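Peer 1: turn this into a structure:
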Amino acid sequence: MDFARLLAAIAAVVSLASPGAAQDHAGSYLTVGATITRVDAGGAVTTLYDNPGICHGVTMDVDNRTAWFGHTLGANQSGLFRLDLATNAVTTVLVDANVAYGPRDLAIDGNGDLLFTSLSRAPSNPNVFDYRLFKRTGQTITTIAVAPAGARWFGGMAIDVTSGHAVVQDRATTSPAGPLVQIDGAGVVTTLAAGLDPRYSIAQDPVSADWYSGSFGTYAVVSGGVATTVTPGSFAVYYAMALDRASAIAPRIVSQNDDTLWFTDIATGVVTPVALQASTGTRYELAFERGRNLATVRTAPGRWTIHVSFPGEAGNRYVLAASLAGTSPAIPLGDGRRIPLAPDPLVTLTLQDLIKPLFDPGPRVLDAAGEATGSLDLSAFSTLGVPLTLAGLTLSTSGVATIADPIVVRL
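Peer 2: Numbering: from 1, shown residues only. Below is the predicted model:
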């Protein structure tokens, strides 16, 4: 390994960090319950979608312009929908009588596929439930896994930054109660921790890979297979929650319910409430609006298109890099922020464009929409079965502007 070259490549990025740069928290959030609302840090509330029934799950699509959500329509019907955030137009993708699909939690994996947990029930017996994890690739929906008896897969879902697999919060009340489980592409279910008191959301720290599971007035941190319940300095509800993006200097938990938005500083436990201009009712999930800065879509075995999207940063340069060592130890910046990518030889090669066309970051300058496209062609290595981590950031005239959350593809 050429340590001098590696250090030089990393230093070229690190030196651009602007000391004392402000924390980069999202400007607005999407939360779902009886409606889909836009909530900003100042307390403004805008209803984007209001239709009888309950919305479950919300996540930005790979284009970072539209959001997926699940919706219980009533009369034993559920569906999958897409919301255009520019026009508020809603497109119906799937409606089902809760026999095959009852979408709840949603996530986008490293292939650009939509994963969703399902609460399905037989119309002849509404007390019979079937929990599953599905994958939607293009127009095709396949079953990844069926939950074991007693499991209740609707406590939140996210993609693990370490493995690229789905992690689901199980709201089971039987033994073991409240397990957090990982489900790989073959449907193998592995328990990461148990004994939680979950509600509807989970989130993961992109550097430590610790998991956060929300509850009423408390949240749990899962680290190394051990779950620790945390009671913050003052009251907050952690039903609909997320962690600040990788750009934050001091990460916080963002949560919202009824008429309040809460920011909980993870290091200090200090809770900052923001009174909302209108009550939204109970919330089940929270996502950063247009916060999917990086996304990968598989176009063929071992080949992906890389979508780069940083709204409001037209003309800024951007940097992409990849690592086979994961996200930790992260690369520190002088202002306290961290690039969630562990240094290894591949970081050097990708930063310095030494393996094109295997890894092509694209034009390195964002277009008028703050977007760009790159590519990843590792078809020659597509049977390795290992995770590859991608990270990126933007550069303004004053230094590093925004650090994207990492994404994982599996070779």
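Peer 1: those strands in the stretch 201-350 of the chain, which residues are they?
Peer 2: Ranges of strands in the stretch 201-350 of the chain, per DSSP state E, counting those that start in this stretch, are 202-204, 211-214, 219-223, 226-230, 240-243, 252-257, 260-265, 271-275, 285-288, 294-300, 303-309, 317-323, 331-332, 338-339.
Peer 1: in its sheet, what does the second one sit against?
Peer 2: Sheet pairing for strand 211-214, assigned by DSSP bridges, gives strand 202-204 (antiparallel), strand 219-223 (antiparallel).
Peer 1: dump the strands of the stretch 201-350 of the chain into TSV; add distance to Asn111 and mean neighbour count as well.
Peer 2: Using the backbone N, CA and C atoms, a C-beta is placed for each residue, glycine as well. Below are the strands of the stretch 201-350 of the chain laid out as TSV (distance: least, Cβ to Cβ, whole Å; neighbours: other Cβ atoms under 10 Å):
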stretch	distance to Asn111	mean neighbour count
strand 202-204	19	23
strand 211-214	22	26
strand 219-223	25	21
strand 226-230	30	14
strand 240-243	22	27
strand 252-257	27	25
strand 260-265	33	20
strand 271-275	36	14
strand 285-288	19	25
strand 294-300	4	18
strand 303-309	7	21
strand 317-323	16	22
strand 331-332	26	18
strand 338-339	24	24
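Peer 1: Tyr29 contacts Val254, doesn't it?
Peer 2: Yes: with contact defined as Cβ atoms under 8 Å, Tyr29 counts as touching Val254 (6.5 Å).
Peer 1: any common contacting residues for these two?
Peer 2: 242, 261, 286 (Cβ atoms under 8 Å, 6 or more residues apart in numbering).
Peer 1: for the stretch 101-250 of the chain, give me the ranges with low pLDDT.
Peer 2: Residue ranges of the stretch 101-250 of the chain with pLDDT under 70: 121-129, 175.
Peer 1: pick out the residue nearest the middle of the chain.
Peer 2: Closest residue to the average C-alpha location of the chain: Ala158 at 5.7 Å, with Cα atoms, centre = their mean.
Peer 1: who does the host helix or strand of that one pair up with?
Peer 2: Element membership of Ala158, judged by DSSP states H and E, is strand 157-159. Strand 157-159 has its sheet partners listed here by DSSP bridges as strand 166-169 (antiparallel).
Peer 1: can you tell me what sits against the partner strand?
Peer 2: With contacts defined as Cβ under 8 Å, 6+ apart, strand 166-169 is touched by 105, 107, 109, 115, 117, 133, 144, 153, 155-160, 178, 180-184, 192, 196, 198, 201-202, 204, 211, 213.
Peer 1: how near is Leu390 to Ile144?
Peer 2: Distance, Leu390 to Ile144, by Cβ to Cβ, to the nearest Å: 23 Å.
Peer 1: of these two, who's got more company?
Peer 2: Between Leu390 and Ile144, counting by other Cβ atoms under 10 Å, Leu390 is the more crowded of the two (25 against 20).
Peer 1: and the helix or strand hosting the more buried one, which residues are buried?
Peer 2: Here Leu390, judged by DSSP H and E, is contained in strand 387-396. Using 16 or more other Cβ atoms under 10 Å as the test for burial, strand 387-396 gives 387-395.
Peer 1: right, and the strands paired with strand 211-214 - which one's nearest Leu333?
Peer 2: strand 202-204 (20.8 Å; Cβ to Cβ).
Peer 1: what residues does that closest one touch?
Peer 2: The contact list for strand 202-204 (Cβ under 8 Å, 6+ apart) reads 155-158, 160-161, 167, 169, 180, 210-214, 241-243, 253.
Peer 1: mind running it again at 7 Å?
Peer 2: In this structure, residues lying in contact with strand 202-204 by Cβ atoms under 7 Å, 6 or more residues apart in numbering are 155-156, 158, 160-161, 167, 169, 211-213, 241-243.
Peer 1: stretch 401-411 too?
Peer 2: Residues from elsewhere that reach stretch 401-411 (Cβ under 7 Å, 6+ apart): 24, 110, 159, 161, 164, 206, 245-247, 293-296, 302, 304, 310, 313, 316, 327, 337, 339-341, 378, 381-382, 384-395.
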